[in-house]
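Participant: please find the sequence and the predicted model below.
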Amino acid sequence: MPINPISEDSLFVESQAIGACGDWCTAPRIEGAVLSGFSMADRVMKYIHKHQS
């Protein structure tokens, strides 16, 4: 169980195209993990769309 969630849905560094997500980001429950995963998927899709040409 995460002691201090970071209060961000997920982390993504565009310059390195790397991210992290999980229940430790938002809340120590399965719902926190799912919402964090959705957030990461959104960030990755935006990154891909931005860099497609």
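Facilitator: Thanks, I have the structure now. On a predicted model such as this, the values are computed, not experimentally measured, just so you know.
Participant: before we move on, what SS does the closest residue to residue 13 other than its chain neighbours have?
Facilitator: Once flanking residues are discounted, residue 13 sits nearest to residue 19: 7.1 Å by C-beta to C-beta, 6 or more residues apart in numbering. (Glycine included, C-beta is placed from N, CA and C.) Following DSSP: H, G, I helix; E, B strand; the rest coil, residue 19 is assigned to strand.
Participant: my guess is residue 19 meets residue 12, correct?
Facilitator: Yes. Between residue 19 and residue 12 there is a contact under C-beta atoms under 8 Å: 3.8 Å.
Participant: show me the shaky parts of the protein.
Facilitator: Flagging of the chain using pLDDT under 70 yields the residue ranges 53.
Participant: how about the helices of it, start to end?
Facilitator: In the chain, the helices defined using DSSP state H lie at 30-51.
Participant: list the contacts for the residue nearest in space to the middle of the chain?
Facilitator: By C-alpha atoms, centre = their mean, the chain has its centre lying nearest to residue 10, at 2.5 Å. Contact analysis of residue 10 by C-beta atoms under 8 Å, 6 or more residues apart in numbering lists 19-21, 25, 36-37, 39-40, 43.
Participant: ok, now with 7 Å
Facilitator: Residue 10 sits next to 19-21, 25, 36, 39-40, 43 when contact means C-beta atoms under 7 Å, 6 or more residues apart in numbering.
Participant: how about residue 19?
Facilitator: 10-12, 40, 43-44.
Participant: one more pass at 10 Å, please.
Facilitator: Residues in contact with residue 19 (C-beta atoms under 10 Å, 6 or more residues apart in numbering) are 10-13, 39-41, 43-44, 47.
Participant: with residue 18 instead?
Facilitator: 11-12.
Participant: bridging residues for it?
Facilitator: residue 13 (DSSP bridges).
Participant: and it, how far is that from residue 40?
Facilitator: 11 Å (C-beta to C-beta, to the nearest Å).
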